[in-house]
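Student: Mind looking at a prediction? Sequence and model below.
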Amino acid sequence: MLMMARREGETILIGDEIEVVIAHIGRSRVKVGIRAPRELAVMAREVKLVREENVAAATRSPAALSELIVRLRPGVQVPGIPSEEGK
């Protein structure tokens with residue numbers, strides 16, 4: 001990892017097409033502006049992680065969802081999943 005000291009208003013270049021601008025330095029935060037080509041996705045890491053979790057949750061199988069319902073609400077009968085009483 002490259003560490004650089006920058007003052008407000010200074011920039012960092014990444015390649016020829018990406019420019020990182022130090023827009024404002026506050027007490028506990030730094031505002032950073034990023035200029036990049038439109039076709040390049042730029043997002044905060046935590047936004048990407050939440051997005052990946054949402055996609056994974058949306059692609060879970062119906063059987064996994066049914067099993068989760070049974071675990072969370074044991075008295076609910078879900079079609080295709082044997083009840084606890086039958087075991």
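Tutor: Arrived safely, thanks for sending.

Student: burial measure for the nearest residue to Glu10 once chain neighbours are set aside, as a count.
Tutor: Among residues not flanking Glu10 along the chain, Ile22 sits closest, at 5.5 Å (C-beta to C-beta, 6 or more residues apart in numbering). For the C-beta atoms, the positions are set from N, CA and C on the backbone; glycine is no exception. Ile22 has 17 neighbouring residues, counting by other C-beta atoms under 10 Å.

Student: Over to Ile18?
Tutor: 14.

Student: Tell me if I'm right that it and Val32 touch.
Tutor: No - in this structure Ile18 lies outside contact range of Val32 using C-beta atoms under 8 Å: 12.0 Å.

Student: Could you look up the SS state of Glu67?
Tutor: Secondary structure assignment for Glu67 (DSSP: H, G, I helix; E, B strand; the rest coil): helix.

Student: pLDDT score assigned to it?
Tutor: Note on Glu67: pLDDT of 77.

Student: ok, it - how many residues close by?
Tutor: Neighbours of Glu67 (other C-beta under 10 Å): 13.

Student: Would you point out the helix or strand in the protein whose mean pLDDT is lowest?
Tutor: helix 62-72 (a mean of 77; mean pLDDT, DSSP states H and E).
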